[in-house]
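S.K.: Sequence below, structure please.
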Amino acid sequence: MPSPLSFLRSGPPPPEVALLPDSMFFTRSVPVIAGSTPVEAASQIELALEAISPFPLAQLYYGWFWPPGSERAFVFAAYRRRFTTDQTAVWAGAELVLPTFASLFAAEVPPATTIVLGSADGLTAVHWATPPVPDKVVVKTLPPEATEEDRARLRDELLREIGGSKTVIDLAEPPVADLAAHDREIVFRAGDLVSRLPATTGSALDVRDKGELATLRAAQKRDVLLWRVTLGAAAALLLIGLGEVALFGGRAWQQVRMTQLRAQQPLVDKIMHLAEQAIRIEELATKRLLPLEMVTVLVGEDGARKPSDIQFTKVKAEQASGLYTVYIDGITNNTAQVNAYGATLAQLPQVERVDPQIAAMRGNVTTFRLTVVFKPDAVKPVSGTTG
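M.R.: Down below sits the predicted model:
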């Protein structure tokens with residue numbers, strides 16, 4: 001079953017092409033100066049065609065095949081009055097109008113190849129001595145009552161007239177426009193034979209009035225642009241739809257995760273609490289209070305850190321309050337010294353924080369408490385002490 005998105009990957013649809021009877025046209029191979037630009041080559045080709053035609057260009061339907069860089073071009077033309085009004089009316093809706101044999105010019109063939117194409121009224125032979133530009137196109141007509149033997153005999157006459165054919169390809173069916181990978185080429189297929197005409201070359205092959213063609217090509221470019229914009233909009237809508245589906249799926253997945261998280265949160269909290277208790281038990285079992293060492297840090301060597309007008313009345317440290325906390329009660333007759341001393345202690349590298357509190361003031365005597373929390377393992381036991 002084809003993918004529903006295959007239309008986004010495929011190229012443009014086959015163009016509307018009008019293939020004209022080969023017998024209506026005369027053909028020639030004309031030289032082109034090496035290194036000519038497309039504009040210069042077109043001017044040279046039209047001058048050559050005007051020189052060999054018995055009619056002025058304005059009275060001709062004509063076109064040419066010239067791959068850029070080639071030193072030859074193949075031209076074909078028909079007298080306009082050979083086509084009826086009804087015949088030319090159907091060209092209005094066509095993207096390309098050319099003789100049937102011209103649709104085969106871009107086929108990849110080896111040198112000395114002749115393609116023989118049959119039609120209801122005769123046979124056409126297209127011959128390449130040296131690709132990519134054909135050298136000859138010969139058309140032979142047949143009466144309506146012609147037999148298969150007549151066709152075979154006519155085919156032999158064509159090949160003898162052309163001469164030099166090493167490879168002969170007989171097409172069992174006429175070429176038809178086929179799907180192209182992109183809008184820069186026009187593809188014709190006849191059985192296994194494929195002819196890929198570049199879009200720029202296809203414009204020169206079109207036999208219609210060149211002024212009218214310029215207007216038509218501008219309209220075609222506009223249509224191609226609209227087609228691409230439409231495909232881009234379709235792709236953008238598809239991406240937006242996929243994004244909405246992804247967001248919806250993400251929200252549903254997130255809700256499932258949050259539900260699982262809420263269901264597991266009590267167990268996680270319990271595990272975290274048990275881990276904290278285990279750490280606390282380990283500390284109590286393996287570590288010990290160092291109250292003397294902590295007091296030594298607070299007063300300094302020989303009491304130099306503690307102001308002389310501050311007296312300690314009580315020092316308290318217990319495991320229940322933590323291994324690194326010490327409470328000091330004291331008195332002073334200089335209240336300002338309490339905060340000053342607390343600031344001094346807070347700057348010590350072993351101390352995590354200090355909380356000085358005034359408990360009472362009677363006369364010139366101030367009672368205070370210092371709560372000092374040391375950093376874990378910042379205070380080491382004095383050498384020689386035991387737990």
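
S.K.: Scan the protein for its longest strand.
M.R.: Criterion DSSP state E: the longest strand present in the chain is strand 351-362.

S.K.: what separates that one from the chain centre, distance-wise?
M.R.: Counting by CA atoms, centre = their mean, to the nearest Å, strand 351-362 is centred 68 Å from the centre of its parent chain.

S.K.: what does stretch 177-189 give?
M.R.: Centroid displacement of stretch 177-189 relative to its chain, using CA atoms, centre = their mean, is 25 Å.

S.K.: what comes up buried for that stretch?
M.R.: Neighbour counts over stretch 177-189 (16 or more other CB atoms under 10 Å) mark Ala177, Ala180, Asp183, Glu185, Ile186, Val187, Phe188, Arg189 as buried. Bear in mind the C-beta positions are built from the backbone N, C-alpha and C, glycine included.

S.K.: Could you list the low-pLDDT ranges of the stretch 1-150 of the chain?
M.R.: 1-12 (pLDDT under 70).

S.K.: Just the helices from it, written as ranges.
M.R.: Using DSSP state H, counting those that start in this stretch, the helices found in the stretch 1-150 of the chain span residues 6-9, 38-52, 85-89, 148-162.

S.K.: Can you give the strand pairings for the longest strand of the chain, parallel or anti for each?
M.R.: strand 365-374 (antiparallel) (DSSP bridges).

S.K.: mind listing what's buried in the partner strand?
M.R.: Thr366, Thr367, Phe368, Arg369, Leu370, Thr371, Val372, Phe374.

S.K.: what's near enough to touch the third one?
M.R.: Listed by CB atoms under 8 Å, 6 or more residues apart in numbering, the contact set of Phe368 reads Asp329, Gly330, Ile331, Thr332, Val338, Pro356, Gln357, Ile358, Ala359.

S.K.: ok, and the most crowded of those residues?
M.R.: Val338 (22 neighbours; other CB atoms under 10 Å).

S.K.: still on that earlier bit, redo the helices of the stretch 1-150 of the chain as TSV? Include distance to Leu274 and mean neighbour count.
M.R.: Shown next, in TSV, are the helices of the stretch 1-150 of the chain (distance: least, CB to CB, whole Å; neighbours: other CB atoms under 10 Å):
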stretch	distance to Leu274	mean neighbour count
helix 6-9	59	10
helix 38-52	86	15
helix 85-89	94	10
helix 148-162	99	14
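
S.K.: Just send these back as TSV, with distance to Pro68 too.
M.R.: Listed next are these as TSV, based on distance: least, CB to CB, whole Å:
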stretch	distance to Pro68
helix 6-9	30
helix 38-52	6
helix 85-89	30
helix 148-162	27
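
S.K.: Tell me where the stretch 1-150 of the chain has strands.
M.R.: 17-20, 26-31, 60-65, 72-79, 96-99, 113-119, 122-128, 136-141 (DSSP state E, counting those that start in this stretch).

S.K.: now those strands in JSON lines, with mean neighbour count?
M.R.: Listed next are those as JSON lines, based on neighbours: other CB atoms under 10 Å:
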{"stretch": "strand 17-20", "mean neighbour count": "19"}
{"stretch": "strand 26-31", "mean neighbour count": "16"}
{"stretch": "strand 60-65", "mean neighbour count": "24"}
{"stretch": "strand 72-79", "mean neighbour count": "21"}
{"stretch": "strand 96-99", "mean neighbour count": "25"}
{"stretch": "strand 113-119", "mean neighbour count": "21"}
{"stretch": "strand 122-128", "mean neighbour count": "23"}
{"stretch": "strand 136-141", "mean neighbour count": "19"}
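
S.K.: May I see those strands arranged in TSV, with distance to Val315 as well?
M.R.: What follows is the strands of the stretch 1-150 of the chain, written out as TSV (distance: least, CB to CB, whole Å):
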stretch	distance to Val315
strand 17-20	108
strand 26-31	117
strand 60-65	111
strand 72-79	113
strand 96-99	107
strand 113-119	114
strand 122-128	113
strand 136-141	119
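
S.K.: so which of these comes closest to Ala346?
M.R.: Closest approach to Ala346 among those is made by strand 96-99 (92.5 Å; CB to CB).

S.K.: tell me what the closest one is packed against?
M.R.: Where contact means 3 or more CB pairs under 8 Å, 6 or more residues apart in numbering; DSSP states H and E, strand 96-99 is packed against strand 17-20, helix 199-205.

S.K.: okay, these in JSON lines with distance to Thr167 next?
M.R.: Formatted as JSON lines, the helices and strands packed on strand 96-99 follow (distance: least, CB to CB, whole Å):
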{"stretch": "strand 17-20", "distance to Thr167": "24"}
{"stretch": "helix 199-205", "distance to Thr167": "23"}
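
S.K.: so which of the ones you listed gets nearest Leu298?
M.R.: helix 199-205 (93.7 Å).

S.K.: Which other helices and strands does that closest one contact?
M.R.: Packed next to helix 199-205, using 3+ CB pairs under 8 Å, 6+ apart, are strand 60-65, strand 96-99, strand 185-190.

S.K.: show me the contacts for Ile162.
M.R.: Here Ile162 is in contact with Thr114, Ala125, His127, Lys136, Val138 (CB under 8 Å, 6+ apart).

S.K.: Quick check: which ranges of the stretch 251-387 of the chain have low pLDDT?
M.R.: Residues of the stretch 251-387 of the chain that meet the criterion pLDDT under 70 lie in 280-287, 320, 383-387.

S.K.: Lovely, talk soon.
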